[in-house]
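Sharing a model prediction with you, sequence too.
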Amino acid sequence: MSQLSALRVAETDLSPRLKFVNILPSAVVIATVIALLLAGAPQQAPTAQMLSRNAQDQGWTGLTLGTAASLVAGLVLQPLELASIRFLEGYWSARGPLARLGRMGMWLQQRRKSRLAWQARRLQDGAPLKEQAREGLTRMPDRRPVLPTMLGNRLRAAEERAGRPYRLDALRIWPRLYYVLSPETLQKLAEYRNQLDTMARFCIAFALAAPITAALLALHTWWLGVPLVFGVLSWLAYRSAVHAATTYGDAFSAAIDVYRLKLLTEMSVKAPENTDEERLLNQTLADLWERDDNDPFPPGVDYSSGSSP
């Protein structure tokens, strides 16, 4: 708290999302690097005595500078939240340095999907492995080619699955549906999304910490367990991000199920009488929302001022 005051930053200026999604992962990496440097790395093997003596010499100045570095890193990285998620999803350039890794990941994910499809089709009904395969297939997208990472395929499958029963494009309706969600639903969705983003940022932070600490400790064999630990933590954070993506995707789909008709009421669109009518209406709305210059006036919808469905 005193370090924030020294930087003229109030606690209320930092939102919980900023602190947990951006500042905390950055602070972990920065604190680790500073601690190793103060403990004597890379010239000598780190020692607790060296760390204690140098930390006392630096005093509050060093602590304030470390806090400032964490804040600056968190603020600088905040606009890159979406980019970090997209990176972990596997949206990599087809010609960049990750192109070969991306092709290998796509091959592995497609093999996994094919194996699940074979198990779901060939195994005996009621077999536990068959049920697991069916569940696994619901977490894989239909669109081809698949993405090179499990996280990317998990999120893409959620996007496809969310509005499918109603012929809704989930990504197209979501910016509009967002305005009619209840505060409780928004809070829950934000909680799940924060979990996903936090784990994704920790995954990247730990992955960066591994080679940095390896470089600092390269001459001290017994200390190379530190970058190994960071590598394991990065993998665990990624697995947590995948599970968080599943939870978020289920909540995302449920919000569309519950609130899609409320959106029609807020738009004063006549409510459909059954699911078949709703699917036709959703196709018309999709054409309206497309904003295609080649067809500026697609077929319209009937308006109504009736009560909520």
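Thanks, I have the structure now. Small disclaimer: the values here were computed from a predicted structure and weren't measured.

drop to CA atoms for contacts and neighbour counts, all remaining ones
OK.

shouldn't Leu129 be in contact with Gln119?
Yes - assessed by Cα atoms under 8 Å, Leu129 is found in contact with Gln119 at 7.4 Å.

For the two, indicate the residue with more neighbours.
Gln119 (18 against 15; other Cα atoms under 10 Å).

if I look at the more buried one, how far off is Asp142?
17 Å (Cα to Cα, to the nearest Å).

Also Cys203?
27 Å.

So between those two, which is more surrounded?
Neighbour totals were compared for Cys203 and Asp142, and Cys203 leads with 27 against 15 (other Cα under 10 Å).

my read is that one is in a helix, agree?
Yes - counting by DSSP: H, G, I helix; E, B strand; the rest coil, Cys203 falls inside a helix.

so what's it up against?
Contacts here follow Cα atoms under 8 Å, 6 or more residues apart in numbering; on that basis Cys203 touches Leu233, Ser234, Trp235, Leu236, Ala237, Tyr238.

how about stretch 185-198: buried residues?
Thr185, Leu189, Tyr192, Arg193, Asn194, Gln195, Leu196, Asp197, Thr198 (16 or more other Cα atoms under 10 Å).

biggest separation within those residues, which pair?
Thr185 and Thr198 (19.7 Å; Cα to Cα).

before we move on, the earlier item: from the buried residues of stretch 185-198, which ones fall inside helices?
Those of those mapping onto helices are Thr185, Leu189, Tyr192, Arg193, Asn194, Gln195, Leu196, Asp197, Thr198, per DSSP state H.

Tell me how far the fifth one lies from Leu147.
Just to be clear, that refers to Asn194. From Asn194 to Leu147 the distance is 23 Å (Cα to Cα).

Equivalent analysis for the third one, please.
Look at Tyr192 and Leu147: by Cα to Cα, they are 22 Å apart.

Closest one of the buried residues of stretch 185-198 to Tyr248?
Tyr192 (5.3 Å).

which residue sits closest to that closest one in space, ignoring its chain neighbours?
Tyr248 (5.3 Å; Cα to Cα, 6 or more residues apart in numbering).

hang on, the earlier thing: CSV for the contacts of Cys203, including pLDDT and neighbour count?
CSV is the format used below for these (pLDDT from 0 to 100; neighbours: other Cα atoms under 10 Å):
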residue, pLDDT, neighbour count
Leu233, 96, 18
Ser234, 97, 24
Trp235, 97, 17
Leu236, 97, 16
Ala237, 96, 23
Tyr238, 97, 22
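
can you tell me which of these are in helices?
Checked against DSSP H, these include these in helices: Leu233, Ser234, Trp235, Leu236, Ala237, Tyr238.

Can you name the residues that contact the fourth one?
Put plainly, it is Leu236. Cys203.

That one and Cys203: what is the separation?
Leu236 is 8 Å from Cys203, by Cα to Cα.

and Glu160, how many neighbours?
For Glu160, using other Cα under 10 Å, the count is 19.

Which stretches in this protein count as helices?
For the chain, applying DSSP H gives helices covering 2-6, 16-17, 24-38, 48-77, 81-89, 99-122, 128-138, 150-163, 170-177, 183-216, 225-266, 275-290.

got any ranges where the chain has weak pLDDT?
Filtered on pLDDT under 70, the chain yields the residue ranges 1-21, 59-63, 66-67, 70-71, 73-79, 305-309.

Kindly state the domain boundaries assigned to it.
2-90+149-290, 97-148 (automatic domain parsing).

got the end-to-end distance for the shortest one?
The first and final residues of domain 97-148 sit 14 Å from each other (Cα to Cα).

Centre of the chain to that domain, how far?
21 Å (Cα atoms, centre = their mean, to the nearest Å).

Over to the first one?
Taking the mean of its C-alpha atoms, domain 2-90+149-290 sits 6 Å from the chain's own mean (Cα atoms, centre = their mean).

since we're on the closest residue to Leu288 other than its chain neighbours, how many residues are nearby?
Distance criterion Cα to Cα, 6+ apart; nearest residue to Leu288, sequence neighbours excluded, is Pro298 at 6.2 Å. Look at Pro298: counted by other Cα under 10 Å, it has 16 neighbours.

when you give positions from now on, start the count at 6
Yep, numbering from 6; the last one is Pro303 now.

okay, the helices of the chain, which one's buried deepest?
Per-stretch averages of neighbours, counted by mean count of other Cα atoms under 10 Å, single out helix 155-168 among the helices of the chain, with a mean of 22.

which strands and helices sit next to that one?
helix 86-94, helix 175-182, helix 230-271 (3 or more Cα pairs under 8 Å, 6 or more residues apart in numbering; DSSP states H and E).

Now distance to Ala32 too, for those, in CSV please.
Putting the helices and strands packed on helix 155-168 into CSV (distance: least, Cα to Cα, whole Å) gives the following:
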stretch, distance to Ala32
helix 86-94, 16
helix 175-182, 33
helix 230-271, 14
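
Much appreciated, bye for now.
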